[in-house]
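A.B. asks: Requesting a structural model of the entry that follows:
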Amino acid sequence: MARRSAGTPFLLRLSLLLLLCPGGTLGCASVAVGSPVVPLGSAVTASCTIRSELCRGLEQGKVRIAWMLDNEPVAGSQRRGPGGTEVSNLTLPQFNRTQAKLWCCVEWNGTKQRVGMAEIRAGYPPAKPFNLSCILNLSDYGLTCQWEQGADSHLPTSVMLKCAGSRAQAVTGCTPQGSHRRCTVPRRLLQLYRQMEIWVSAANALGTAESEHLCIDPMDVAKLDPPALQSIQSIPFQTDCIALAWKVAQSNAHMELQCELRYRAPEDPAWALVTGIVGQAGTTQCCGFLFGTQYHFQMRCQRSSARGYWSEWSLGRNYTTHEKAPTGKLDAWWSARLAGAGGRLEVQLCWKPPQRREANGRVLGYRVTLSPRRRSRDPPTVCNTTHTQCNFSAPAGTRKVYLSAYNAAGESAATEVILLERKGQPLAGLRAVPGGERSLWVRWEAPAAPAAAYVLEWQRVSSEPGRCSTCWQMERDGAATAALIQDGIEPFQRYNISVYPLYKDAIGVPVHTAAYSKQKAPSYAPKLHLKSISKSNAELCWDPVPVEMQNGFITSYTIFWANSTADMSSATVNPSLSSFVIRELKPSTLYKVHIMASTAAGGTNGTSLTLVTMVLDDIEIQFLFLTLGLIFVLLILLLICFQKNGRVKQQFWPSVPDPANSSLGKWVPAELQQEPLQVPGVREPGLATISTVTVLEKAAGKQLSAWGKEPATETTGTFPALPQPYVRQEGPGTLGRGWAAAEPCQDPGGSGETVQYARVVGDGYKGQQHTLPRLYLRSSSTQPLLLDPSPSPKPYENLWFHGAAPHGCPGDGGCPEEPPATFPLLQGLRISGAEELHD
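C.D. replies: From the prediction side, this is the model:
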């Protein structure tokens, strides 16, 4: 079984080789089609016949026939034919391919084998040739014809140029090479000066087509060789005529020819043509040429019968006509003003160059004079220039100047320029509209008074002014209401335009307008600047876009702003403004702002500006700082008052003078000279600071006077012999100036004992003047002196201190020797620490 299965592929390959060998299939199958060439889109029929006895390897199996159009299978019918053959028929209802191969196949062991093939082509009948034309070349006398074929037939087509009536008395011709649509009939097949019939024939498998028949004499379609120009000159002098000479080609010498001459100057857009020139003449004269102008000349010829073709134009020849003095008047425009202390007239005069027909050659310069030229002498020249403008000074009252142009042949007649005043009526209206990318139409309404002419001035805004001739023009027609200006006009640039009406005796006041020949969006938008900002408003400013970059009239500025959460907001600003205030913003919020500049043709966005609103307004910030400043100033003032003001300082920190330094401290009675001072270890607070208070009692049986002397009479009380204790209190202050008095009082505890009691009341101080406090004292022999906050109702007015006179005494011995007897007198009171005691 293994060997059998291994041998099966070998047998299949061998059978395929037998079928594909030349003797295996060519004789066993035949394919027939109704027509190998059919019109495109028509039906195609075909049949395939298989002879089994001639196909090796198919005798034992049933034959199955299949069809393929190129590589696509198509269905056909199969039947058994006579003689044991198998026949399959195929019909394609619409064949839409220009070329295809139809294959007949048989199926054997599951595979399709191609056993027969037929090639089918489809197309159209040939199209009729047209536009047949022929030219006879006199150099070799061959007739070259050309035509157009028409639509492609998709089929092989043979094309032939046929001729009849030739010397051969038969139809002859030529066949084009390849796909060319022209061919040449040689001279040997032509008969000159006789009529011949010429046509084009095209044929393919579907039909034949012929062009229109052309009956011509070959000489009638001959193309002559061009003539040669020999010389050109101006004759006679001072006229606009020239004489021209030429020579015809040698091949055309025996023919009657007619020729044409054409010429033009470099500035001319088209050629000027001169016809009716006899070719055999060899010379001709032409007039109407401009003086001092260069021209380019060419010439061509054809047969006089006008049945042939024109020759090619001859080689060109240049010639410049002779010059003549300029003619005509110059268009002039001026401006004048009085200048200087002498009243000289400063004049700026501009003019247009003369037209080419009036220049009569190349203008060498221009001359301006203050008087006309006479035969006897030439007037003095105020300006001689090659430009078209001149600035000069003339005497005051000059009303006329004279302008002329000159070339190599002479000088033109002077043009009188009247310097009129600009005081006439202006135009009733003026506007300008684009006439194209490089032109503007200026239209105006005529003034009430009839004008003789109009002058138009224009200048590009913010550009360097050019020559005067390029920025103005004159319209000499007084009835005109429009003019087209083109000199120097460029798109996307603004031009200021002025129109002056000219009257016989004055110049009208100008009317102005501005215009663009074409607009587009601005080149860039202005840059925003933050001028001021608060918590709810932001003021922005910007510099206007330069005129050169506006590219049109700015119609508006649009401000856009937005924060991170809100939608975009916008506002439109008049183009005349350069600042804007954004209102109702949120405090302490970041915003992004940008500006867009717009024209009628579009808008351009600027760069973005980021700003943050403030937490407080300026007024609130100023009020806050003002409040803090006031508080600080008040604090400083209070501090200064505490440091400098004695009254305030006395209220908070009273200063008591030290009685020890007073003159009273240096006086001690005899009884206390040997007494030691007792200084307490701890200071006691009080309303006033008293360094030392000592109360002394008088000796028994004696009463001292206020001056330390014994009185005339004794007092009612007695004092112990020993001195009583005293109170000493020390402090940093100094005691004020005043009088001290003492009185007896009962013990507050109700014991009936007499106690030492005193009160010191300070009257304050001012500056360096000190006031001694008033003392209210009462004494006994056994109790110390106490301080009481309440005043005593009975002061001792006659108590005095050492170094100071009693109250009311001048201090020069005018007071009585003894105090009043009604007051008990202290033997001595010592107050230490006071530097000076006064009244």
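
A.B. asks: Compute the number of surrounding residues for G123.
C.D. replies: Look at G123: counted by other C-beta atoms under 10 Å, it has 20 neighbours. (Glycine included, C-beta is placed from N, CA and C.)

A.B. asks: how far away is it from G207?
C.D. replies: When distance is defined by C-beta to C-beta, to the nearest Å, G123 is 10 Å away from G207.

A.B. asks: swap in Q191?
C.D. replies: 32 Å.

A.B. asks: Same question for K247.
C.D. replies: Counting by C-beta to C-beta - K247 and G207 are separated by 54 Å.

A.B. asks: Please parse the protein into its domains.
C.D. replies: Annotated domains of the chain cover 29-123, 130-216, 224-320, 332-418, 422-516, 528-618 [the TED database].

A.B. asks: Serialize the ones you listed to a markdown table and add fields for mean pLDDT and distance to I631.
C.D. replies: What follows is the domains of the chain, written out as a markdown table (pLDDT from 0 to 100; distance: least, C-beta to C-beta, whole Å):
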| stretch | mean pLDDT | distance to I631 |
| --- | --- | --- |
| domain 29-123 | 86 | 105 |
| domain 130-216 | 87 | 106 |
| domain 224-320 | 90 | 91 |
| domain 332-418 | 89 | 70 |
| domain 422-516 | 89 | 58 |
| domain 528-618 | 91 | 18 |
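
A.B. asks: just the helices in the stretch 551-700 of the chain please.
C.D. replies: Along the stretch 551-700 of the chain, the segments classed as helices by DSSP state H, counting those that start in this stretch run 618-644, 646-652.

A.B. asks: What is the end-to-end distance of stretch 33-45?
C.D. replies: 6 Å (C-alpha to C-alpha, to the nearest Å).

A.B. asks: contact partners of it?
C.D. replies: Outside stretch 33-45, the residues that touch it by C-beta atoms under 8 Å, 6 or more residues apart in numbering are 46, 89-96, 98, 102, 118-124, 154-155, 205-206.

A.B. asks: ok, 7 Å please
C.D. replies: 46, 91-96, 98, 102, 118-124, 154-155, 205-206 (C-beta atoms under 7 Å, 6 or more residues apart in numbering).

A.B. asks: and Y124, what does it touch?
C.D. replies: Here Y124 is in contact with P39, L40, S153, H154, L206 (C-beta under 7 Å, 6+ apart).

A.B. asks: Kindly report the same for P227.
C.D. replies: So P227 contacts W246, K247, V248, A249, C259, M299, C301, S314 (C-beta under 7 Å, 6+ apart).

A.B. asks: cool, S570 as well?
C.D. replies: With C-beta under 7 Å, 6+ apart, S570 has these contacts: T558, I559, F560.

A.B. asks: residues near the first one, how many?
C.D. replies: For T558, the number of neighbouring residues by other C-beta under 10 Å comes to 16.

A.B. asks: Which strand residues bridge it?
C.D. replies: T572, M596 (DSSP bridges).

A.B. asks: ok, it to L611 distance?
C.D. replies: T558 sits 18 Å away from L611, going by C-beta to C-beta.

A.B. asks: centroid residue for this protein?
C.D. replies: Y524 (1.0 Å; C-alpha atoms, centre = their mean).

A.B. asks: Cross-check the contact I'm expecting between that one and T607.
C.D. replies: No: Y524 is beyond contact range of T607, at 9.1 Å (criterion: C-beta atoms under 7 Å).

A.B. asks: And the strand or helix carrying M299, what's buried?
C.D. replies: With secondary structure defined by DSSP states H and E, M299 is part of strand 294-303. Within strand 294-303, the residues that count as buried by 16 or more other C-beta atoms under 10 Å are Y295, F297, Q298, M299, R300, C301, Q302, R303.

A.B. asks: Repeat that for stretch 210-227.
C.D. replies: So, applying 16+ other C-beta under 10 Å, buried residues of stretch 210-227: 211, 214, 216-227.

A.B. asks: residues making contact with the longest strand seen in the chain?
C.D. replies: Looking across the chain with DSSP state E, the single longest strand is strand 111-123. Outside strand 111-123, the residues that touch it by C-beta under 7 Å, 6+ apart are 19, 25, 28-31, 33, 36-40, 44, 46, 48, 66, 95, 97-106, 153-155, 206.

A.B. asks: just stretch 151-166 next, same as before
C.D. replies: The contact list for stretch 151-166 (C-beta under 7 Å, 6+ apart) reads 37, 40, 98, 121, 123-127, 145, 171-176, 183, 185, 189-191, 195-206.

A.B. asks: Using CSV, lay out the contacts of Y124 together with secondary structure and distance to E53.
C.D. replies: Below are those laid out as CSV (DSSP: H, G, I helix; E, B strand; the rest coil; distance: C-beta to C-beta, whole Å):
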residue, secondary structure, distance to E53
P39, strand, 39
L40, coil, 40
S153, coil, 44
H154, coil, 42
L206, coil, 40
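
A.B. asks: host element of W333?
C.D. replies: Counting by DSSP H and E, W333 is part of strand 332-339.

A.B. asks: Likewise for V433?
C.D. replies: strand 429-436.

A.B. asks: Neighbouring strands - and their directions - for that strand?
C.D. replies: Paired strands of strand 429-436, defined by DSSP bridges, are strand 439-445 (antiparallel).

A.B. asks: what comes up buried for the partner strand?
C.D. replies: So strand 439-445, judged by 16+ other C-beta under 10 Å, has buried residues L440, W441, V442, W444.

A.B. asks: which one of the residues you listed is nearest R307?
C.D. replies: W441 (51.1 Å; C-beta to C-beta).

A.B. asks: Leaving out the residues flanking it, which one is nearest to the closest one?
C.D. replies: G435 (4.3 Å; C-beta to C-beta, 6 or more residues apart in numbering).

A.B. asks: Check T327 too.
C.D. replies: Distance criterion C-beta to C-beta, 6+ apart; nearest residue to T327, sequence neighbours excluded, is E358 at 5.1 Å.

A.B. asks: Pretty sure that neighbour sits against K324.
C.D. replies: No: E358 sits out of contact with K324 when judged by C-beta under 7 Å, with a separation of 10.1 Å.

A.B. asks: and those two? which has more neighbours close in?
C.D. replies: K324 (20 against 17).

A.B. asks: and the more buried one, what are its phi and psi?
C.D. replies: Main-chain dihedrals, K324, degrees, to the nearest 10: phi -150, psi 150.

A.B. asks: just checking, it touches A409?
C.D. replies: Yes: the pair K324 / A409 is scored as a contact, 5.1 Å apart, by C-beta under 7 Å.

A.B. asks: that older thread, gap between the residue nearest to the centre of the chain and I554?
C.D. replies: For Y524, the distance to I554 (C-beta to C-beta) stands at 12 Å.

A.B. asks: swap in S179?
C.D. replies: 63 Å.

A.B. asks: Give me the more crowded residue out of these two.
C.D. replies: I554 (20 against 7).
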